[in-house]
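Asks: here is my input; please provide its structure:
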Amino acid sequence: MPATLALARLTAVDLLRQPATWLALLIGAALLGLSLVFGMFSFAEADRMRMLCSAGIAVHALVALFVGVVGATIAVHRELADRTALTLLAKPLSRASFLVGKAGGVLAAVALCGLLLALLHIACVHLGSITGFEFDSGHGHRNPEDIVPIPWLSLLGGHALALAQAACLSCLAVVLALRLGLAGNIIACFGAWIVAHLLPQLGLHGAVVLPALDLLAADDAAQVEGGLPLAAVAIGLSYALLWCSGALALGLALFERQDIP
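Replies: Next up is the predicted model:
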């Protein structure tokens, strides 16, 4: 266990140093800023806030997904291809510890990036609420009854489900990275993301082979009106935990039979 935790920590630190990680974060921050500015082009403040809440959760999910897929390929496939994994496996480190440590490091990096985006999104939502999306004048003396109420718990739940989406596809990317390079992993995970969203629309369910992303989709539910039920958040997080565990167990079974060249 100490070796697994140490490997996870080193993996997370290495991924957080990658330029692609910071580029994804900068793009996500820019998209959040644009979502805040674009709110000025809608007449109803409730619609402005609804768009900002939905866009922020969607940005969180997409950026975390990108970081997870790229990070999994860097952490797993690159070390296998460069044969640096042989050095780790030659030490008293089992293949299970290697895979779990790498997956844990990737998920830790994804969670930290998601936390930064969630905090920035909350700041944008708060700024939009107190200014009414009018940044030029007259926003310093708003009446309390004019401020649109924000379901903060639902918003946090939406970010938790966005992180769960990224975690499921990151674990899938870790498993695929045992065989696929960066381009192949991105194409495969992007294809899985599309198919997982299309299956419920076709009346089909692939909750075992592919993650049931419809259970984890919260960008439209965590809005100003209605809100996201906390029970749905709990069910989604529990499902994500089970799916990630199953994906890693399958990946370990394949890894045990894989020859490292």
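
Asks: which pLDDT does the model give residue 196?
Replies: The model reports residue 196 with a pLDDT of 81.

Asks: for residue 155, see how far away it is.
Replies: According to CB to CB, to the nearest Å, residue 196 and residue 155 sit 24 Å apart. Quick note: C-beta positions are derived from backbone N, CA and C, even for glycine.

Asks: residue 75 too?
Replies: Applying CB to CB, the value for residue 75 to residue 155 is 31 Å.

Asks: of these two, who's got more company?
Replies: Looking at residue 75 and residue 155 with other CB atoms under 10 Å, you find the greater number of neighbours at residue 75, namely 26 against 23.

Asks: in this structure that one contacts residue 105, no?
Replies: Yes. Using CB atoms under 8 Å, residue 75 is in contact with residue 105, at 6.2 Å.

Asks: which other helices and strands does the strand or helix carrying residue 185 contact?
Replies: If you go by DSSP states H and E, residue 185 is part of helix 182-201. The contact analysis (3 or more CB pairs under 8 Å, 6 or more residues apart in numbering; DSSP states H and E) places helix 182-201 against helix 45-72, helix 152-176, helix 213-216.

Asks: ranges for the helices of the stretch 1-150 of the chain?
Replies: In the stretch 1-150 of the chain, the helices defined using DSSP state H, counting those that start in this stretch lie at 2-16, 19-38, 45-72, 78-81, 85-90, 95-131.

Asks: and the angle for the second one with helix 95-131?
Replies: Just to be clear, that refers to helix 19-38. 20 degrees (axes from the mean of the first three to the mean of the last three CA atoms, to 10 degrees).

Asks: quick one: buried residues of helix 19-38?
Replies: 21, 24, 25, 28, 29, 31, 32, 35, 36 (16 or more other CB atoms under 10 Å).

Asks: re the thing from before, tell me which of the helices and strands packed on helix 182-201 sits nearest to residue 249.
Replies: Residue 249 lies closest to helix 152-176 among the helices and strands packed on helix 182-201, at 9.7 Å (CB to CB).

Asks: would you agree residue 21 is in contact with residue 67?
Replies: Yes. Between residue 21 and residue 67 there is a contact under CB under 8 Å: 5.6 Å.

Asks: could you name every residue contacting both of those two?
Replies: Here residue 21 and residue 67 share the contacting residues 15, 109, 113, scored by CB atoms under 8 Å, 6 or more residues apart in numbering.

Asks: now the last one: how far from residue 59?
Replies: In this structure, residue 113 lies at 11 Å from residue 59, with CB to CB as the measure.

Asks: of these two, which one has the most company?
Replies: Using other CB under 10 Å as the criterion, residue 113 and residue 59 rank with residue 113 on top: 26 against 23.

Asks: the closest residue to the more buried one other than its chain neighbours: neighbour count?
Replies: Nearest non-adjacent residue to residue 113, counting by CB to CB, 6 or more residues apart in numbering: residue 67, 5.1 Å away. Look at residue 67: counted by other CB under 10 Å, it has 29 neighbours.

Asks: ditto for residue 256
Replies: 11.

Asks: skipping adjacent residues, who's closest to it in space?
Replies: residue 95 (5.9 Å).

Asks: state the pLDDT value of the one you found.
Replies: 75.

Asks: please apply the same query to residue 260.
Replies: At residue 260, the model reports a pLDDT of 61.

Asks: ok, residue 188 - contacts?
Replies: Residue 188 makes contacts with 176, 180, as judged by CB under 8 Å, 6+ apart.

Asks: 10 Å instead, please
Replies: 69, 172, 173, 176, 177, 179, 180 (CB atoms under 10 Å, 6 or more residues apart in numbering).

Asks: which stretches of this structure have low pLDDT?
Replies: Within the chain, the stretches with pLDDT under 70 are 1, 39-46, 81-92, 132-149, 200-209, 219-227, 258-261.

Asks: ok, 80 please
Replies: Residue ranges of the chain with pLDDT under 80: 1-4, 36-50, 77-95, 98, 128-152, 181-182, 197-230, 255-261.
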